[in-house]
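Novice: Below: sequence and its predicted model.
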Amino acid sequence: MIVEERMRTYINSLDMGNTPFLEELEQCALESRVPIIRREMQSFIKVLLAIHRPKRVLEVGTAVGFSTLLMCEYGSPDLQITTIENYEKRIPIAKENFRKAGREDQITLLEGDAGEYLKKLDGTFDLIFMDAAKGQYIHWLPDVMRLMHPGSILLSDNVLQEGDLIESHYLVERRNRTIYKRMREYLYELKHCPELLTTILPLGDGAAVSVRTEQKQEGL
């Protein structure tokens, strides 16, 4: 773990950072103890945006809008993002950050329960970023799959649960066991779904990258 931490520190030291607005927003979020995506995930998303060039993005979990604005900044100029947030105290903060960044025309913020919205959304998205209640990922997956077309990417953040996921069920604190069980089910489904090709990366607190395939891949 010490070696991994030193490697992470070194890799992050090479990072050139973001725009001044995003840097300030990240600092404010950290000082307020608002969870935002880690530096490693920020770099990964930038590269993913450059490779995939999504036009329509769905984000589940807005918080104060940092990752939303990061994707606006480093994605295509015509990128459109639909983002869902259920925590009432953070919604006005996110709205104000979108206004300050001048990105309101690119962002549609849906206020309320993600599970309900996912059932109502139609069409498909080029990229879906899951960064909300981890215990709900498995329940949301059927609707998320419906919103993906062949070639769509599903990026799921924080899937390794600070290392808990590799531990025995009995070594996990009782209050975390439900999330532990559901996340294991979620990762199993991602890896065994015949319509997805998934890799799980030890990036930050773990990330799963899934691509909707053209057709069912027998034997995968």
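Specialist: Received the coordinates, thanks.

Novice: And the contacts of the strand ranked longest in the chain?
Specialist: Taking DSSP state E as the assignment, the strand of the chain that covers the most residues is strand 148-157. Contacts of strand 148-157 from elsewhere in the structure, counted by C-beta atoms under 8 Å, 6 or more residues apart in numbering, are 37, 41, 45, 48, 52, 54, 124-131, 137, 144, 186, 190, 196, 204-215. Every residue, glycine included, has its C-beta placed from N, CA and C.

Novice: In strands, which of those appear?
Specialist: In strands, judged by DSSP E, the following of the contacts of strand 148-157 are found: 125-130, 196, 207-212.

Novice: Can you lay out those residues as CSV showing neighbour count and distance to Asn97?
Specialist: Compiled in CSV, the ones in strands among the contacts of strand 148-157 are given as follows (neighbours: other C-beta atoms under 10 Å; distance: C-beta to C-beta, whole Å):
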residue, neighbour count, distance to Asn97
Phe125, 23, 22
Asp126, 19, 23
Leu127, 24, 21
Ile128, 26, 21
Phe129, 26, 17
Met130, 26, 21
Leu196, 22, 32
Ala207, 24, 24
Ala208, 24, 27
Val209, 17, 27
Ser210, 26, 29
Val211, 17, 30
Arg212, 20, 31
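
Novice: And those residues, which is closest to Arg8?
Specialist: Nearest to Arg8 out of those is Ala207 (C-beta to C-beta; 13.7 Å).
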